[in-house]
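Peer 1: fold the following, please.
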Amino acid sequence: MLILSPELFEIPKGSPRNSWLLIVLFLGTAFLAIVLHSAIAMKNPPQLLTDPFLQMPTETSVRVVWFTEFPGSQHTVAYGSELEQMTGATTIKLGRSSEDSKSRVGEQSEDGTVFDKAIARDIWRHEAEIINLLPGTRVSYRVTSIRKDGQSASSDVFTLAPSPKPGTPLKILLTSDHQLMPMTSANLQKVVETIGRVDAVFHAGDLVNHPDRASEWFDDNRGGAFFPCLQGRANYELERNGLKTTYKGGALIQYAPLFPTIGNHEVMGRFRAEQGINDQFNDPFPRRVAEQLYQENIKSINPDKSPVVRDTWLQDNSFNTQTYEELFTVPRSSPGGKKYYAVTFGDTRLVVLYITNIWRSPNLGAKMRGRYQERAMDFNKPVNWGYGQHIFEPIAKGSEQYRWLEQELASPEFREAKYKIVMFHHPPHTLGGNIVPAYTDPVQRFDKDDIGRLVVRYEYPKDRDYIIRDVEPLLEKAKVQLVFFGHSHLWNRFKSPSGINFLESSNVGNSYGAHTEENKRPVPENYQEEYAAVGDPNGLEPIVPAIAPLLAKNGQPLPYIASNDITAFSILDTGKGSVSSYYFDTGKPDSPVVKFDEFNLK
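Peer 2: Below you'll find the model as predicted:
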């Protein structure tokens, strides 16, 4: 702001008569400066990068989170019936947010036209805790961020509430695998049009494709970034049968808390500033390999044996979930911090586990670093190995996460909950492709390929599947009613003999197909282990939807939805004790949303 001092207007005695003219000229110049300053501010007004969204409700509080591209001088939440109360926010700068040649942001609509390498992008996260709330009472709120030049940006007015009391009927969206895929914005728009405002969102992972690419979260110029889709601010044009329809997503998380899960797409690989984001994402090392390299080179890496240097090096040279952990606030109820947690929400006890591994291609070509083999050319170059489809966080019996899960399932909060739900990303039962091979540590073998070259191969013993062997028995004993998961981009459900319902409702933005009959998974032959080409490899039969299943060409009802035209979502209704699933045909944009399945949890 331009400040004019009164001393400037004092005319010394004996000054020439034209001093008044000088003053007039000065005032005119000052006025023009003020106008120019105002014009620049009007031309570049501050904007919020997202609407606010809700996190981690308790019985008397809830967190409000939003993002800006300026650090600001003040960030506040006004709340109350007349927005008469105010609280400040805590601000952090995201550590790994960036854009690169493959970003679709701003003027870049093709690879490399603006960014030729990974460039850090400055983004700030603001979080305020609203306290002294009354259960069952919704309160209006609005966030405001003030830039250092005094210009401010505010959100619209939304409503928030603390965690609901037991007995409150709730409708909770079950969703996963958004990943900026074509149908995601249509899916979430139809949730709001069909259900209205939901009370919470349970997300089973794979929120975006590459977590360190900021535009995938905030402002991908194709219109389908993560936050805009969940806030009704998407602008995705979907073309079907020659007809273009623009979908806005749904205003959901401004009003309802989001409970996220780590999927494989929330995990970045080895950090290399000179590499593109895709290359870093696709290049994780198992922690044990990084630890071995660290020990071999500790004198040059960390001569002072600093634990901070050690931990940073291991994260940068294996894999990390830094961006995910910076973006979201979840209960720190476990030794895993934000990676796995448990929370009570109304009548539901939700347990979120970190069960996911790196996705590798099933392709067996000699030049492929895949789930079953390394490239033949890399036999003597372990630094180039991918180490198969390795697991990020142990869940096997005896591991830290397993022990925590045992304690959680035995806790009063879990045992006394009306609805006991466990959510994680990797499927225990599915017709999709990503369930093969078994969820276990790859067993490395040295072998020869078809033309006699030495190769590194990986086997995955089915009897060591940690989900089936170790986790499921715990869930059965604890009388879990629903296991919700994603990863294979389809809708299907199963039920175990003990009564656990298994639901995958991940045909949200696209599908990779269901593997039945002639549609076989690409699995290796002549390997030591057997890999299921069709069906659920863990022995459960898929359940045909109870109300309006889709039909195969022969007229038989299908026990799944695996479509790139039809998108599905599921709603947990705690008042009825049911889970209902709906589909919408994007190829017929004027068609109604169809409720095609429902089952009870009681």
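Peer 1: which residues does stretch 309-322 contact?
Peer 2: 95-96, 211, 262, 266-271, 284-287, 289-291, 293-294, 301-302, 338-339, 358, 392 (CB atoms under 8 Å, 6 or more residues apart in numbering). Every C-beta, even on glycine, is put in place using the N, C-alpha and C of the backbone.
Peer 1: are any of those residues buried, and if so which?
Peer 2: Those of the contacts of stretch 309-322 that meet the buried threshold are 96, 211, 262, 266-271, 284-287, 289-291, 293-294, 302, 338-339, 358, 392, by 16 or more other CB atoms under 10 Å.
Peer 1: helices along the chain, start to end?
Peer 2: 19-43, 184-195, 214-218, 226-230, 277-281, 287-296, 298-301, 307-316, 322-327, 400-409, 412-415, 466, 472-477 (DSSP state H).
Peer 1: quick one: average pLDDT of the fourth one?
Peer 2: Mean pLDDT, helix 226-230: 98.
Peer 1: now swap in the shortest one and tell me
Peer 2: Helix 466 shows a mean pLDDT of 98.
Peer 1: let me know the pLDDT of the closest residue in space to Pro166 that isn't next to it in sequence.
Peer 2: Using CB to CB, 6 or more residues apart in numbering and skipping the chain neighbours, the partner closest in space to Pro166 is Asp347 (5.2 Å). For Asp347, the model assigns a pLDDT of 98.
Peer 1: just checking, Asp347 touches Gly167?
Peer 2: Yes - applying CB atoms under 8 Å, one finds Asp347 in contact with Gly167, separated by 6.7 Å.
Peer 1: higher neighbour count, those two?
Peer 2: When neighbours are counted by other CB atoms under 10 Å, Asp347 and Gly167 differ, and Asp347 comes out ahead with 18 against 10.
Peer 1: next, find the distance separating that one from Leu572.
Peer 2: Taking CB to CB, to the nearest Å as the measure, Asp347 falls 10 Å from Leu572.
Peer 1: check Lys190 too.
Peer 2: Lys190 sits 17 Å away from Leu572, going by CB to CB.
Peer 1: could you do Gln389 as well?
Peer 2: 31 Å.
Peer 1: equivalent analysis for Tyr512, please.
Peer 2: Counting by CB to CB, the gap from Tyr512 to Leu572 is 25 Å.
Peer 1: do the same with Val157
Peer 2: Taken as CB to CB, the span from Val157 to Leu572 is 28 Å.
Peer 1: Glu408 and Val352 touch, don't they?
Peer 2: No - counting by CB under 8 Å, Glu408 sits too far from Val352 to count as a contact (10.3 Å).
Peer 1: Leu490 is in contact with Ile561, correct?
Peer 2: Yes - between Ile561 and Leu490 a contact is recorded at 6.3 Å, counting by CB under 8 Å.
Peer 1: so what sits against both of those two?
Peer 2: Counting by CB under 8 Å, 6+ apart, the common neighbours of Ile561 and Leu490 are Asn507, Ser511.
Peer 1: looking at these two, which one has more neighbours?
Peer 2: When neighbours are counted by other CB under 10 Å, Ile561 and Leu490 differ, and Leu490 comes out ahead with 29 against 22.
Peer 1: does the more buried one touch Gly433 like I think?
Peer 2: No - look at Leu490 against Gly433 with CB under 8 Å: they stay out of range, at 9.5 Å.
Peer 1: joint contacts of those two?
Peer 2: Counting by CB under 8 Å, 6+ apart, the residues touching both Leu490 and Gly433 are Tyr512, Gly513.
Peer 1: and Ile119, how many residues sit next to it?
Peer 2: If we define neighbours as other CB under 10 Å, then Ile119 has 12 of them.
Peer 1: OK, contacts around it?
Peer 2: Ser98, Glu99, Asp100.
Peer 1: and stretch 146-155, how far out from the chain's middle?
Peer 2: 29 Å (CA atoms, centre = their mean, to the nearest Å).
Peer 1: could I get the buried residue list for it?
Peer 2: Residues Ile146, Arg147, Ser152, Ala153, Ser155 are the ones in stretch 146-155 that count as buried (16+ other CB under 10 Å).
Peer 1: make TSV from those and add distance to Ile119 and pLDDT to it.
Peer 2: Formatted as TSV, these follow (distance: CB to CB, whole Å; pLDDT from 0 to 100):
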residue	distance to Ile119	pLDDT
Ile146	27	98
Arg147	22	96
Ser152	28	97
Ala153	24	98
Ser155	28	98
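Peer 1: re the thing from before, which of Val157 and Leu572 has more neighbours?
Peer 2: For Val157 versus Leu572, the count of surrounding residues by other CB under 10 Å is larger for Leu572: 25 against 13.
Peer 1: show me what the more buried one is bridged to.
Peer 2: Ile172, Val579 (DSSP bridges).
Peer 1: and the gap between it and Ala200?
Peer 2: The spacing between Leu572 and Ala200, counted by CB to CB, is 9 Å.
Peer 1: now for those two: what residues contact both?
Peer 2: Residues touching both Leu572 and Ala200 (CB under 8 Å, 6+ apart) are Leu170, Ile172.
Peer 1: what is the neighbour count of Gln231?
Peer 2: Neighbourhood size, Gln231 [other CB under 10 Å]: 24.
Peer 1: measure it to Trp124 for me?
Peer 2: Going from Gln231 to Trp124 by CB to CB gives 18 Å.
Peer 1: what mean pLDDT does stretch 566-581 get?
Peer 2: Stretch 566-581 shows a mean pLDDT of 98 in the predicted model.
Peer 1: pull out the buried positions in it.
Peer 2: Applying 16+ other CB under 10 Å to stretch 566-581 flags 566-574, 577, 579-581 as buried.
Peer 1: picking that back up, which single one of the buried residues of stretch 146-155 is nearest to Ala552?
Peer 2: Nearest to Ala552 among the buried residues of stretch 146-155: Ser155, at 47.3 Å, using CB to CB.
Peer 1: for that closest one, give me its contacts.
Peer 2: Ser155 sits next to Leu48, Asp51, Pro52, Trp66, Arg142, Val143, Thr144 when contact means CB under 8 Å, 6+ apart.
Peer 1: please repeat the previous calculation with a cut-off of 7 Å.
Peer 2: Ser155 sits next to Leu48, Asp51, Pro52, Trp66, Arg142, Val143 when contact means CB atoms under 7 Å, 6 or more residues apart in numbering.
Peer 1: what subset of these is buried?
Peer 2: Leu48, Asp51, Pro52, Trp66, Arg142, Val143.
Peer 1: for the second one, phi and psi?
Peer 2: If I follow you right, that is Asp51. When read as degrees, to the nearest 10, the backbone of Asp51 gives phi -70, psi 160.
Peer 1: run through the bridge partners of the residue found closest to it once you drop the neighbours it is linked to in the chain.
Peer 2: Leaving aside its chain neighbours, Asp51 sits nearest to Gln231 (4.6 Å; criterion: CB to CB, 6+ apart). Judged by DSSP bridges, the bridge partners of Gln231 are Ala251.
Peer 1: show me what contacts Gln231?
Peer 2: Here Gln231 is in contact with Thr50, Asp51, Phe53, Gly249, Ala251, Ile253, Gln254 (CB under 7 Å, 6+ apart).
Peer 1: residues contacting the last one?
Peer 2: For Gln254, the contacting residues are Asp51, Pro52, Phe53, Phe158, Gln231, by CB under 7 Å, 6+ apart.
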